[in-house]
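with the input below, show me the fold.
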Amino acid sequence: MRRREFIRLLALAAAAGATLRPRVSDAQAAAELYDLPAFGNVCLLHITDVHAQLLPVHFREPSINIGNGKPPHLVGEALLQRFRIPPRTAAAHAFTYLDFEDAARRYGKTGGYAHLATLVKRLRASRPHALLLDGGDSWQGSATALWTQGRDMIGAQKRLGVDYMTAHWEFTYGAERVQQAMAELKPIEFLAQNVRTVDFEDPVFRPYALRTVSGVPIAVIGQAFPYTPIAHPRHRFPEWSFGIQERRLQVLVDEVRAKGAKAVLLLSHNGMDVDLKLAGRVRGIDAILGGHTHDGVPAPIRVGSTLVTNAGSHGKFVGVLDLRVEANGVRDYRYRLLPVFSSLLPADAAMAAYIDEVRAPHAPKLGEKLAVTEGLLYRRGNFNGTYDEVLLRALLAEKNAEIAFSPGFRWGPTLLPGDDVTTEDLMAQTAITYPQSTVNELTGAQIKGALEDIADNLFNPDPYLQQGGDMVRVGGMSYAIAPAARVGSRISDLRLQGKPINADKRYKVAGWAPVAEGVSGEPMWDVAMRYLRHLRSVPPLSPNAPRVL
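Residues are numbered from 1 along each chain as shown. Coordinates of the predicted model:
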C-alpha cells in the first residue's frame with residue numbers, strides 16, 4: 001500500500017470513530033464525519049442499491065461472504081483490520097455485523113432520502129461541481145415502489161438531484177414501463193451501454209454521457225446488470241439483450257477518449273467481483289462506481305490504473321470520489337465511503353414533505369401490525385438469514401410442504417428484537433413483480449441439481465459466470481456444500497428429517513418468485529401474512545444453514 005493511501009485510510013478511521021468519544025455532541029460528530037475538505041476539480045457522489053427505502057432503516061451486514069479472502073469478501077473483524085477501522089465505533093457498526101443489536105440501538109438507523117438529501121446538499125456546498133450517480137436497484141424493494149411502479153422513487157431521485165443512473169431490478173417492471181419511465185425521469189439521464197435489441201443489436205438506451213465539469217471533459221458510461229434475463233422473467237423484456245459486452249465497452253471507452261474525455265467513469269451494476277475482472281481487461285477506465293452485490297467497501301481497490309469501488313446498499317452510504325484531472329488525465333484522487341447516520345443528519349424538510357405525501361395514501365395498510373419479533377430479523381448472508389427463515393417456515397406451514405426454497409435475495413432491512421412486524425416490513429422482503437408462491441413435486445436428483453446450479457452461480461471461480469446473489473435459502477432439509485469444489489460436486493449429504501434424500505423419490509417442495517412465464521399462485525406476501533398473523537410473536541430463530549465443507 002502506498003504511503004498516501006495509508007494516510008487516507010488512517011484519516012477515514014479517525015473520522016469514523018469520532019462518535020465513540022465521550023461528550024462529543026452530535027453536531028461535532030457530524031462535522032468530523034461529513035465536512036470533507038474539497039479536493040481536485042471533479043467530484044462524483046455515488047449511491048446504489050437503495051431498494052426503494054425512502055425512510056431510514058437498520059441493515060445488518062453479512063457475517064459470511066465466501067470468496068478469495070480479499071475485498072469484497074471480508075466481513076467482521078477481518079474487514080476492520082484490512083481498512084484500519086477501530087472496533088466498537090460508528091464505522092465498525094456501519095461496515096460490519098459485529099455487536100449489531102447493541103450498536104444499532106446506540107447509533108440508530110441509516111439512510112432515508114430526507115437524510116440523504118441533507119448530506120448531498122452538504123457535500124455540494126463545498127463541491128458545487130459534484131455529479132450524483134445512482135447505480136440502480138432504486139425502484140424496487142418496497143410496497144410503495146411496487147404499487148406505484150417506481151414513481152415514488154423517481155420523484156425522490158429527482159429531488160435528490162441525481163444526474164445519471166443505470167439499472168437492474170427496474171427492468172422487472174417490464175420493457176413498456178421502463179420506456180415510459182424515461183420521460184418521467186428527466187432531467188436524470190438513464191445510461192446502459194450493454195442493453196441492445198435482440199434483432200439488430202441497436203442500443204436501447206443512451207450508452208454514455210459526456211459532461212464538462214470545472215472546464216474538464218469527462219465521460220460517464222452506464223453498465224446495467226448483465227444477467228437480467230437469467231435472474232428474472234425473460235418475458236418481461238423479450239426484445240432486449242444484456243450481457244457484459246466487454247468488447248463494446250472497450251470501443252466506447254476509446255470513443256469517448258477520442259472525443260476529448262480526460263476522465264472516464266463506469267457507472268456499473270455488474271457486482272464487485274465482475275468489476276474487478278473487467279478493470280483488468282478493459283483499458284482506459286479511471287474508476288468504476290459499482291453496485292449490485294451490496295458490498296460496502298471503505299476504500300477503492302486498484303486494478304492497474306482503474307479504481308474499483310462499491311457503495312453498499314439501502315441508502316446506508318454515499319461514496320465521494322474527488323479527482324484531480326489535468327490535461328493528461330487523472331493525476332490524483334481522494335475517496336470516502338460515508339455512512340449515512342440519520343441521527344447525525346437532520347431531515348431535509350422538502351424531501352421529508354415529499355415522502356409524507358407519496359406514502360399518505362398507503363399509510364394505513366403499511367402500518368398494519370402482523371406480529372412482533374423476539375429476535376433479530378435480517379436477510380443478508382451467503383446461506384440464510386433469520387428473515388429468510390420466517391419465509392421458509394411460512395411456506396412449509398401454509399403449503400403443507402416437506403421442503404421449501406426461498407430466493408437468495410440480498411435486499412431487505414433488518415428488524416431489532418421487540419420491533420413490530422408490519423405489512424411494510426414484510427413487503428420490504430417480498431415486493432417483486434413475480435411474487436407467486438408455488439408447490440411442485442421434485443425428485444431428490446432434481447433438488448440436488450437445482451442446488452448445484454445455484455451454487456455455481458455464486459461460487460464459480462470465474463466472476464463472469466457469477467450472478468451476484470446469495471445461495472437459495474432452504475427449509476425442511478439439510479445438506480452440505482463445498483464452495484471450492486468443481487461444478488456439479490459442491491452439494492452432498494442431502495437429508496430430510498435426518499434421513500438421506502433418495503434421488504428417485506419425489507418430494508413436495510414449496511417456493512416463490514418463479515421466472516417462468518404463466519406460473520400462477522398466491523403472492524408470497526399473502527402466504528407470509530397469514531403465517532405471521534397466526535404466529536403473532538416470532539421467537540428468536542436460528543437460520544437453517546448448510547454444513548460448509
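
report the separation between residue 101 and residue 334.
34 Å (Cβ to Cβ, to the nearest Å). All C-beta atoms are positioned from the backbone trio N, CA, C, and that covers glycine.

these two: which has the busier surroundings?
A side-by-side neighbour count of residue 101 and residue 334, using other Cβ atoms under 10 Å, places residue 334 first with 18 against 14.

quick check, that one in a strand?
Yes - counting by DSSP: H, G, I helix; E, B strand; the rest coil, residue 334 falls inside a strand.

tell me the contacts of it?
Neighbour list for residue 334: 8, 36, 39-40, 320-322 [criterion: Cβ atoms under 8 Å, 6 or more residues apart in numbering].

need the max-distance pair from those.
In those, two members sit farther apart than any others by Cβ to Cβ. They are 8 and 40, at 13.5 Å.

how many residues are close by residue 517?
11.

quick check, it in a helix?
No - counting by three-state DSSP, residue 517 is not found in a helix; it is coil.

look up how far residue 493 lies from it.
35 Å.

okay, buried residues for the helix or strand hosting residue 209 please.
Following DSSP states H and E, one finds residue 209 within strand 208-213. Under the neighbour-count criterion of 16 or more other Cβ atoms under 10 Å, strand 208-213 has 208-209, 211, 213 buried.

just give me the neighbour total for residue 99.
Residue 99, neighbours per other Cβ under 10 Å, totals 13.

apart from its chain neighbours, what residue comes closest to it?
Of all residues not flanking residue 99 in the chain, residue 88 sits nearest, at 7.0 Å (Cβ to Cβ, 6 or more residues apart in numbering).

tally of neighbours for that neighbour?
With other Cβ under 10 Å as criterion, residue 88 counts 14.

tell me the pLDDT of it.
Residue 88 is assigned 93 on the pLDDT scale.

swap in the one 5 residues further on?
According to the predicted model, the pLDDT of residue 93 comes to 96.

wait, isn't it in contact with residue 105?
No - contact criterion Cβ atoms under 8 Å: residue 93 and residue 105 do not qualify, at 10.3 Å.

more neighbours: these two, which one.
residue 93 (27 against 12).

quick one: the helix or strand hosting the more buried one to chain centroid distance?
Assigned by DSSP H and E, residue 93 falls within helix 90-95. The chain centre lies 17 Å from the centre of helix 90-95; the measure is Cα atoms, centre = their mean, to the nearest Å.

what does stretch 534-545 give?
25 Å.

hmm, who's touching that stretch?
Here stretch 534-545 has contacts from 371-377, 381, 383-386, 388-390, 392, 417, 421, 473-475, 478, 532, using Cβ under 8 Å, 6+ apart.

list the buried residues for that stretch?
535, 538, 541, 543-545.

now do stretch 481-497
Across stretch 481-497, burial judged by 16+ other Cβ under 10 Å covers 481-483, 490-491, 494, 496.

ok, stretch 61-70 next?
Neighbour-count burial for stretch 61-70 [16+ other Cβ under 10 Å]: 61-67.

and that stretch, C-alpha only, in PDB?
Provided in PDB are the C-alpha atoms of stretch 61-70 (Å, rounded to 0.1, in the frame of the first residue of the first chain):
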ATOM      1  CA  GLU A  61     -24.100  -6.600   7.000                       C
ATOM      2  CA  PRO A  62     -23.200 -10.300   6.400                       C
ATOM      3  CA  SER A  63     -21.300 -12.400   8.800                       C
ATOM      4  CA  ILE A  64     -20.100 -14.700   6.000                       C
ATOM      5  CA  ASN A  65     -19.100 -13.800   2.400                       C
ATOM      6  CA  ILE A  66     -17.100 -16.700   1.000                       C
ATOM      7  CA  GLY A  67     -14.500 -15.800  -1.700                       C
ATOM      8  CA  ASN A  68     -10.900 -15.200  -2.100                       C
ATOM      9  CA  GLY A  69     -10.200 -13.600   1.200                       C
ATOM     10  CA  LYS A  70      -9.900 -10.200  -0.300                       C
END
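
contacting residues around that stretch?
By Cβ under 8 Å, 6+ apart, stretch 61-70 touches 72-76, 95-97, 273, 296, 301, 380-383, 459, 483, 548.

so which of the residues you listed are in helices?
76, 95, 273, 459 (DSSP state H).

what residues are up against the second one?
Spelled out, that is residue 95. Contacts of residue 95 (Cβ under 8 Å, 6+ apart): 61, 79-80, 83, 85, 296, 298, 339.

return the distance of it relative to residue 60.
Residue 95 is 11 Å from residue 60, by Cβ to Cβ.

which neighbours do these two share?
Common neighbours of residue 95 and residue 60 (Cβ under 8 Å, 6+ apart) do not exist.

now the strands for the stretch 151-300 of the chain?
For the stretch 151-300 of the chain, strands defined by DSSP state E, counting those that start in this stretch occupy the ranges 164-165, 189-190, 196-197, 208-213, 216-223, 240-241, 263-268, 287-290.

partner strands of the last one, with direction?
The strands that strand 287-290 pairs with in its sheet are strand 263-268 (parallel), strand 306-310 (parallel) (by DSSP bridges).

beyond the last one, next helix or strand please.
Right, strand 306-310. strand 317-326.

what comes into contact with that following strand?
36, 38-47, 94, 116, 119-120, 123, 127, 216, 218, 262-263, 286-287, 289, 296, 300, 307, 309, 311, 330-340.

and these, which of them are buried?
36, 39-47, 94, 116, 119-120, 123, 127, 216, 218, 262-263, 286-287, 289, 296, 300, 307, 309, 311, 330, 333-340.

what lines up beside the strand holding residue 209 in the sheet?
Here, using DSSP bridges, strand 208-213 pairs with strand 216-223 (antiparallel).

quick one: the helices in the stretch 301-450 of the chain?
For the stretch 301-450 of the chain, the helices defined by DSSP state H, counting those that start in this stretch cover 349-359, 363-366, 386-398, 423-430, 444-459.
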